[in-house]
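# got a sequence here, can you build the structure:
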Amino acid sequence: MRGSFVLPVVSVGILLVAACGSSGSPSQAASSPTPGASPTVGEASITVAGTQELILTTLSGMTLYYLTSDVATAPKCAGACLTHWPPLLSTTTPVGMAGFSGAWTVVQNANGAQVAYDGHLLYQFANDKAGGDAKGEGIQAFGGTWHVVTPALAA
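Okay, the predicted model is just below:
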C-alpha cells in the first residue's frame, strides 16, 4: 500500500512544478505587443501643448503618435525605439473614426502588422500613464519628431 501512495503524490508534484515553470516574463510581453482585432482605435479631445485637440487613441484611451521620419515599409522606429514607443499592431484594418477621414491600413513591416493612418505608422508612448496624457508630443528622437495624431495629419 505504501508504494501505491507514493506514485500519485510524485505525479501531482511534477504537474505543479511544470505548471509553475510555464509562465512568461513580463518584459517579454512588453517588448512584443500582441496585435488586436478591429476596431483598435478611438478618439478623444485632450489638451496638447496648450491647445484643445481631437486625437487618435487606443481603445483604452492612450494617445497615439507618429514619427515624422518613419517609412511604413521600413520604420525608423525599431529595436530599442520600441521600448519607448510601442507600435499599434492589429490583425485587421481599423474602422474609421468620425473626426478622422484619412485612409487606414495595416502594414506588414519589421515591427509586425502595424496600423497606419494616412501612411503614418502609429505608436504609443511609454511615459504616457493615463488617458489624456500627451507627454510624447514634440520629442525629437530616432531621426525625427514625434507628434500626436490629429485630423490635420496629411499623407
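
# what segments of this protein are strands?
41-48, 51-58, 65-67, 104-109, 112-117, 120-121, 140-141, 144-148 (DSSP state E).

# just these: most buried one?
strand 65-67 (a mean of 25; mean count of other C-beta atoms under 10 Å). C-beta: built from backbone N, CA, C; applies to glycine.

# relative to P94, how far out is the residue lying closest to A74 once chain neighbours are set aside?
Closest residue in space to A74, ignoring its immediate chain neighbours: N109 at 6.8 Å, by C-beta to C-beta, 6 or more residues apart in numbering. N109 sits 17 Å away from P94 when distances are taken as C-beta to C-beta, to the nearest Å.

# need the pLDDT of G79.
G79 carries a pLDDT value of 91.

# start at 338, not 1
Sounds good: first residue 338 from here, last item G416.

# now do the same contact list for T410.
444, 446 (C-beta atoms under 8 Å, 6 or more residues apart in numbering).

# again, only this time at 10 Å
The contact partners of T410, taken as C-beta atoms under 10 Å, 6 or more residues apart in numbering, are 444-447, 458.

# also G379?
By C-beta under 10 Å, 6+ apart, the residues touching G379 are 392-399, 401, 431, 434, 468.

# tell me the one of these nearest A453?
P431 (9.7 Å; C-beta to C-beta).

# which secondary structure element of this structure has the lowest mean pLDDT?
Scoring the helices and strands of the chain by mean pLDDT, DSSP states H and E places helix 363-368 at the bottom, with a mean of 34.

# so how far is V408 from the most centrally placed residue in the chain?
Centroid check for the chain by C-alpha atoms, centre = their mean gives L425 as the closest residue, at 3.7 Å. Applying C-beta to C-beta, the value for L425 to V408 is 16 Å.

# low-confidence stretches in the protein?
For the chain, applying pLDDT under 70 flags the ranges 338-376, 492.

# again, 50 this time
338-369 (pLDDT under 50).

# mind listing what the closest residue to Y460 other than its chain neighbours touches?
Once flanking residues are discounted, Y460 sits nearest to W422: 4.2 Å by C-beta to C-beta, 6+ apart. W422 makes contact with 402-404, 407, 412, 414-415, 448, 458-464, 473, 476, 478-479, 483 under the criterion C-beta under 10 Å, 6+ apart.

# next, the contact list for the nearest residue to Q445 once chain neighbours are set aside, please.
Closest residue in space to Q445, ignoring its immediate chain neighbours: Q451 at 7.8 Å, by C-beta to C-beta, 6+ apart. Q451 is in contact with 370, 372, 407, 409, 412, 414, 424-427, 442-445, 458-460, counting by C-beta under 10 Å, 6+ apart.
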